[in-house]
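S.K.: sequence-free structure coming up:
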């Protein structure tokens with residue numbers, strides 16, 4: 001027969017197992033074994049109580065040291081956040097993700113740059129096309145007729161700004177008589 005105690009090989013019921021099986025174990029132990037287990041139980045409970053008291057004393061001592069050093073909860077929180085962030089940024093997963101996002105950003109930037117170049121080139125092509133040149137000439141002629149004695153000239157942007165300014169002036173002139181009624 002094997003001796004019973006800490007090295008006992010009997011299985012301990014897991015959570016959810018039949019409670020009746022647990023009750024049956026005390027029937028299998030002799031009175032002497034039960035007394036020994038009760039003493040061990042009391043000893044472990046006493047050790048837990050002592051450790052709890054020691055922990056409480058250590059926590060109190062820790063708080064006193066922090067108070068003397070001027071460390072408050074907010075500073076601790078900031079330090080914990082900083083430490084946690086450093087821990088996260090030092091992980092392989094973070095480094096790989098950061099590198100991948102950086103590469104993706106570079107590729108996107110290059111793509112946007114090339115799209116911008118293509119658009120600029122297309123605008124230049126349109127502006128240099130015979131149709132646009134013809135349109136620009138007609139606008140210049142119209143501007144010289146509307147502008148009266150002003151010499152023809154200026155680029156298309158100036159013509160558009162001039163036309164927009166004239167439209168805004170007309171709109172204000174039309175609103176003024178209505179407001180006086």
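M.R.: Here it is on my side, so go on. Just so it is clear, the model here is predicted, and its values are computed rather than measured.
S.K.: what ranges of the protein fall below the confidence cut-off?
M.R.: Counting by pLDDT under 70, the chain has low-confidence residues at 1-26, 148-157, 159-160, 163-164, 166-181.
S.K.: Longest helix in it, by number of residues?
M.R.: Across the chain, the helix with the greatest residue count (assigned by DSSP state H) is helix 31-69.
S.K.: Quick check: next helix or strand after that one?
M.R.: Per DSSP states H and E, the first helix or strand lying C-terminal to helix 31-69 is helix 73-89.
S.K.: Report all helices and strands that that next one contacts.
M.R.: Taking 3 or more C-beta pairs under 8 Å, 6 or more residues apart in numbering; DSSP states H and E as contact, the helices and strands that helix 73-89 lies on are helix 92-127. (Glycine included, C-beta is placed from N, CA and C.)
S.K.: tell me what the helix it packs on is packed against?
M.R.: If you count contacts as 3+ C-beta pairs under 8 Å, 6+ apart, helix 92-127 packs onto helix 73-89.
S.K.: list the contacts for residue 142?
M.R.: Residues near residue 142 by C-beta atoms under 8 Å, 6 or more residues apart in numbering: none.
S.K.: mind checking how far it is from residue 128?
M.R.: Distance of residue 142 to residue 128, given as C-beta to C-beta, to the nearest Å: 21 Å.
S.K.: go on, residue 134?
M.R.: Distance from residue 134 to residue 128, by C-beta to C-beta: 12 Å.
S.K.: how much space between residue 74 and residue 86?
M.R.: According to C-beta to C-beta, residue 74 stands 19 Å off from residue 86.
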